[in-house]
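[1] based on what follows, work out the 3D shape:
(one chain, ligands or ions: 2)
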Amino acid sequence: MFKKTLNSTLDTESILKDARSELALPSRRLFAKRALTLGGLSLLTGCNITDEPSVNRMLERISRMNDGVQGWLFDPKRLAPTYTQAEMTRPFPFNAFYGIEEVPEIDEADYQLEVTGLVTNKRPWTLEQLHKLPQNEQITRHICVEGWSAIGRWGGIPFSYFLQQIGADLSAKYIDFQCGDDYHTSIDMPTALHPQTQLTLTYDGQILPPKYGFPMKLRMPTKLGYKNPKHIVSIEVTNKYPGGYWEDQGYNWFGGS
Ligand SMILES: Nc1nc2c(c(=O)[nH]1)N[C@H]1C(S)=C(S)[C@@H](COP(=O)(O)O)O[C@H]1N2
Ligand SMILES: [Mo]
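    Ligands and ions are numbered 1, 2, ... in the order given. Presented below is the predicted three-dimensional model:
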């Protein structure tokens with residue numbers, strides 16, 4: 001879609017040339033080979049390249065990102081790197097489409113996770129029931145397209161295990177997440193089944209605090225920050241493209257691997 005605009009107003013080759021020099025990567029490197037196309041760059045930065053300012057913004061974002069993390073963001077089968085506790089970013093940044101003083105307060109007692117769509121078991125889940133499911137931990141890097149990244153430690157249920165518990169149709173295309181703050185985003189089934197995709201209940205060994213998404217978020221180290229929904233209140237398995245809060249405003253739907 002943006003190709004048409006680009007042909008008339010922008011010079012594709014010169015954008016790529018600038019991107020290459022921002023990245024200073026030799027062409028044989030994985031990232032350069034796989035992603036140094038306009039599509040790959042817009043995927044990486046979340047920028048919809050339709051005009052000169054957004055091209056500049058894209059180049060700025062690229063230059064700020066750590067090239068070491070870029071290769072695996074594009075390969076759904078590879079594991080994202082993990083880190084040690086000493087490498088954790090403290091404090092872990094807060095981000096949302098509103099300020100920290102507007103973080104939703106979700107009442108634990110009333111909370112139930114709704115499950116809808118292509119699943120055999122539509123029973124809602126209390127937090128207590130969720131905490132009883134098998135849990136694991138990861139120390140991984142979260143990358144935000146706004147130009148920062150941070151390493152955090154998250155604990156929760158392997159999402160593929162949860163999908164089995166609800167009898168999800170694993171041949172369905174999408175999973176949509178509705179959040180307690182009117183945010184929503186959706187992911188593809190291969191990412192949902194990725195071993196590092198986690199229904200996250202804790203941060204750094206403690207119950208997930210409100211600012212990081214109480215009572216639960218989806219943590220995917222193979223996806224950019226905006227694909228990781230916080231304050232999840234319902235999950236739908238579907239074949240109908242669900243889009244998302246930022247995706248509907250032009251951010252790339254895949255947003256990562
Ligand atoms: N419900 C909800 N989830 C969300 C967002 C949001 O505004 N609302 N923002 C996203 C973005 S852009 C980022 S970078 C991360 C920030 O998560 P953090 O506050 O734990 O750092 O949450 C993502 N998930
Ligand atoms: Mo973000």
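[2] find the centremost residue of this protein, please.
    The centroid of the chain falls nearest to residue 227 when counting by C-alpha atoms, centre = their mean (2.8 Å).
[3] phi first, then psi, for it.
    Backbone torsions of residue 227, given as degrees, to the nearest 10, read phi -80, psi -10.
[4] right, and it touches residue 187 too?
    Yes: the pair residue 227 / residue 187 is scored as a contact, 6.4 Å apart, by C-beta atoms under 8 Å. In short, each C-beta sits where N, CA and C put it, glycine included.
[5] joint contacts of those two?
    Any residue near both residue 227 and residue 187 by C-beta atoms under 8 Å, 6 or more residues apart in numbering counts here, and that gives residue 220.
[6] distance check, whatever residue of the stretch 101-250 of the chain ends up closest to ligand 1 against residue 234.
    Nearest residue of the stretch 101-250 of the chain to ligand 1: residue 225, at 2.8 Å (C-beta to the nearest ligand atom). With distances taken as C-beta to C-beta, to the nearest Å, residue 225 is found 21 Å from residue 234.
[7] equivalent analysis for residue 61, please.
    From residue 61 to residue 234 the distance is 32 Å (C-beta to C-beta).
[8] now residue 176
    8 Å.
[9] if you count surrounding residues, which of the two has more?
    residue 176 (21 against 17; other C-beta atoms under 10 Å).
[10] what ranges does this structure have for its helices?
    In the chain, the helices defined using DSSP state H lie at 2-9, 12-23, 30-35, 38-45, 52-64, 70-73, 127-131, 159-165, 189-192.
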